[in-house]
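Enquirer: sequence and computational prediction follow.
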Amino acid sequence: MSKLLDRFRYFKQKGEIFADGHGQVMHSNRDWEDSYRQRWQFDKIVRSTHGVNCTGSCSWKIYVKNGLVTWEIQQTDYPRTRPDLPNHEPRGCPRGASYSWYLYSANRLKYPLIRKRLIELWREALKQHSDPVLAWASIMNDPQKCLSYKQVRGRGGFIRSNWQELNQLIAAANVWTIKTYGPDRVAGFSPIPAMSMVSYAAGTRYLSLLGGTCLSFYDWYCDLPPASPMTWGEQTDVPESADWYNSSYIIAWGSNVPQTRTPDAHFFTEVRYKGTKTIAITPDYSEVAKLCDQWLAPKQGTDSALAMAMGHVILKEFHLDNPSDYFINYCRRYSDMPMLVMLEPRDDGSYVPGRMVRASDLVDGLGESNNPQWKTVAVNTAGELVVPNGSIGFRWGEKGKWNLESIAAGTETELSLTLLGQHDAVAGVAFPYFGGIENPHFRSVKHNPVLVRQLPVKNLTLADGSTCPVVSVYDLVLANYGLDRGLEDENSAKDYAEIKPYTPAWGEQITGVPRQYIETIAREFADTAHKTHGRSMIILGAGVNHWYHMDMNYRGMINMLIFCGCVGQSGGGWAHYVGQEKLRPQTGWLPLAFAFDWNRPPRQMNSTSFFYNHSSQWRYEKVTAQELLSPLADASKYSGHLIDFNVRAERMGWLPSAPQLGRNPLSLKAEADKAGLSPTEFTAQALKSGDLRMACEQPDSGSNHPRNLFVWRSNLLGSSGKGHEYMQKYLLGTESGIQGEELGASDGIKPEEVEWQTAAIEGKLDLLVTLDFRMSSTCLFSDIVLPTATWYEKDDMNTSDMHPFIHPLSAAVDPAWESRSDWEIYKGIAKAFSQVCV
């Protein structure tokens, strides 16, 4: 019978019945099963992963049929962990399981694209100039031509081109910019090398070979926790997620683990089966809250107050009332708390903390002849001044030494945390208090903005014969937390119920968290750390890091961990997870990424300063330095606009600076040779005389701003809430959504270090080139869009801070349409550069 007749009820065959009528043999057509079988057939399986900033770095099986990726599933062959630790697999999430859709979606970029108005100008210029560099110069020297294509950025108007034509245009633009203004006017932005490190290196290597500027990303995204370099002097170093299972007490503070760390969340749930208590601290009832034993909901932005109140409990109960030997010894050996700090007098007779005491301050440098100005001083339990090994003066001295021991005796020195009991006097030391500032969005607790607390002081005779009062860092910390030490300090608290700064009762007023919960959680956290020698952990992330004073949020928590001896202990410490920052083969990768095999050092710039200055965001800045000052600071030393402080930091070398100088660095070399000086000597003299200025001081002079910008592996305008409206107006010269008024219109404070122009330059970028595999927001505003290979179409490497593995990105299929890998794209541009630069 035909398939058509099979569909009719009365033409069906009657099948044989069996099993007492419970079964029937049918002869219906089963061709439909073939489509199902064909759907799940494949030609090969390729191991790969996703080059995305999710920190997952999960290994996947990519199924390929007829040269097309059909689907992906998680790999299940991870190396086994030790018997008492859960395995890493399965790692993956729904986002990764749907990535193959991108390869063939309508959003996929298929061909090289360029803005129509720009390519018309370019082709016309090439007819008039045989040299591509001169052709580009003819466009740049005509303001109307520049305006014609810049003002239509973001309005569509792309047409298809070819690789050869666009490579030549890009190279000509780079060469002209370098010759005219300098190589540091050519910049590139790409984030998170660890997610696809070869693709990142493709662009940075090209820029470094040119002398171009490689922009940072970790700070720009606000993923970098500033408290980490403030405290330890390094970027971020955190445990992998498997270490959560070694913990005995976990606080998930502003980190929504199940949602943002999906592949790792199983460790968080599994550790509860062995008795680990988990606490969620989030203002909202997020996914992580339902996985925890207890949920605290502080008012948004008050995390530092909550951490301070918990620190008050920890210090009182485990350092003063019933000292933990483990905590005391840990702080003595692994923190700066025993070190001495000079006190500086105030007009009212009180003191403020100054700098640390150095060996060079004392007679004969306490026997230290090598770097005594970089070596800190402490008092040991015998009351003697000692210079413990481990400070920066030893690390970078004649012979690096980190361990804490006495040089003279060759035996370990037991340092004293406090001067109480061997002090010469009790002095009032002033501390700033910010919790009383009224704000419509936050609660405040009124107190004097300057709190004078009583501290034990020792008087030291310095090398110049003068006497200086000093205190230990530990005593300063205890005083700052408002702990009573029997020194008749009216500003210290004797009971948790007192609403004085940093008590649990004070914390309740600020955060809204009942003080009994503050006390209980802090006590449990510290007690667990005491019994397990530091296996208490705080997992923290974007929820507390993406705030203006995020350093205070983090340092409050870091203090808790150091008080409890948790940092550096397996199963303990801080676990900051915001951004895939761990590039594990970094040492071998650096020469590739920044062309160390050809030239060093590379020119690098922090994006925050770069965009704040050159997108003219500072021209709308209403916050003043005086608003941010401590009540103990001398306001006369902090005049001007916020941009002034950034410029001063660049000028003094505290921050990188690019574009750096007010003239082309290539021409400076020629001028130095003519003057018979080295470039360093010539530049120093020119800066000192005023003949040469820093570029950041004159961002609107016309020659000191970036002119060519590459963006790859990033959606700079679409995925970053850092003022893209200002970029649209001032960098791109197109329409923007800016609604505020410039300082000139609002009579705001003008900068002192930066030259003010009545009208800022709009359209500073002559060329914006974006590499992507999809039409992103940045692509829409670009001049040239180059289609790059997706993660399943190129070879690369991926690592994460969440696990120890290096996962490859493998080319399961060839790049679709006319797309190319990032490496091939930059190789083509470099070849064109070599052809046009002669």
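Expert: Received, thanks.

Enquirer: now the residue positioned nearest the centre of the chain, what are its backbone angles?
Expert: Central residue of the chain (C-alpha atoms, centre = their mean): residue 224, 2.3 Å from the mean position. Taking degrees, to the nearest 10, you get phi -70, psi 130 for the backbone angles of residue 224.

Enquirer: in space, what's closest to it - neighbours in sequence excluded?
Expert: On the basis of C-beta to C-beta, 6 or more residues apart in numbering, the spatially nearest residue to residue 224 that is not a chain neighbour turns out to be residue 218, at 4.2 Å. Just so you know, the C-beta spots here come from the backbone N, C-alpha and C atoms, and that holds for glycine as well.

Enquirer: if I pick the one you found, what's in contact with it?
Expert: Residue 218 is in contact with 191, 192, 224, 235, 579, 581, counting by C-beta atoms under 8 Å, 6 or more residues apart in numbering.

Enquirer: what do you get for residue 536?
Expert: Remark: with contacts taken as C-beta under 8 Å, 6+ apart, residue 536 is in contact with 247-251, 525-526, 528-529, 561, 564, 566, 572.

Enquirer: can you check the pLDDT for it?
Expert: Confidence at residue 536, expressed as pLDDT, is 98.

Enquirer: in stretch 60-78, what counts as buried?
Expert: The neighbour-count check on stretch 60-78 (16 or more other C-beta atoms under 10 Å) flags 60, 61, 62, 63, 64, 69, 71, 72, 74, 75, 78 as buried.

Enquirer: so what's residue 61 bridging to?
Expert: Per DSSP bridges, the residues bridged to residue 61 are residue 47, residue 73.

Enquirer: pretty sure it contacts residue 47?
Expert: Yes: A contact is recorded between residue 61 and residue 47 when judged using C-beta atoms under 8 Å, the distance being 6.8 Å.

Enquirer: overlap in contacts of these two?
Expert: In terms of C-beta under 8 Å, 6+ apart, residue 61 and residue 47 are both contacted by the residues residue 75.

Enquirer: number of nearby residues for residue 373?
Expert: Residue 373 has 11 neighbours, counted by other C-beta atoms under 10 Å.

Enquirer: wait, it sits on residue 360?
Expert: Yes: taking C-beta under 8 Å as the contact criterion, residue 373 and residue 360 are neighbours in contact, 4.2 Å apart.

Enquirer: ok, then the element right after the helix or strand of the chain with the lowest mean pLDDT?
Expert: Ranking every helix and strand in the chain by mean pLDDT, DSSP states H and E puts helix 3-6 at the bottom, with a mean of 56. Reading on from helix 3-6 to the C-terminus, the next helix or strand found by DSSP states H and E is strand 17-18.

Enquirer: which strand or helix spans the closest residue in space to residue 420 that isn't next to it in sequence?
Expert: Spatial nearest neighbour of residue 420, excluding adjacent residues (C-beta to C-beta, 6+ apart): residue 456 at 4.4 Å. Assigned by DSSP H and E, residue 456 falls within strand 450-461.

Enquirer: so which elements touch that strand?
Expert: Strand 450-461 is packed against strand 340-345, strand 425-432, strand 467-472, helix 473-480, with contacts defined by 3 or more C-beta pairs under 8 Å, 6 or more residues apart in numbering; DSSP states H and E.

Enquirer: give the contact list for the residue nearest to the centre of the chain.
Expert: The contact partners of residue 224, taken as C-beta under 8 Å, 6+ apart, are 218, 235, 236, 579.

Enquirer: most surrounded residue in these?
Expert: If you count neighbours using other C-beta under 10 Å, the busiest of these is residue 579, which has 25 neighbours.

Enquirer: ok, now how distant is that one from residue 118?
Expert: Computed as C-beta to C-beta, to the nearest Å, the residue 579 to residue 118 distance reads 34 Å.

Enquirer: same thing with residue 819?
Expert: As judged by C-beta to C-beta, residue 819 and residue 118 stand 21 Å apart.

Enquirer: likewise residue 482?
Expert: Distance check for residue 482 against residue 118: by C-beta to C-beta, it reads 63 Å.

Enquirer: and for residue 93?
Expert: Between residue 93 and residue 118 the distance, using C-beta to C-beta, works out to 40 Å.

Enquirer: quick check, residue 553 in contact with residue 547.
Expert: Yes: here residue 553 reaches residue 547: they are 6.2 Å apart, a contact under C-beta under 8 Å.

Enquirer: overlap in contacts of those two?
Expert: Counting by C-beta under 8 Å, 6+ apart, the shared contacts of residue 553 and residue 547 are residue 303.
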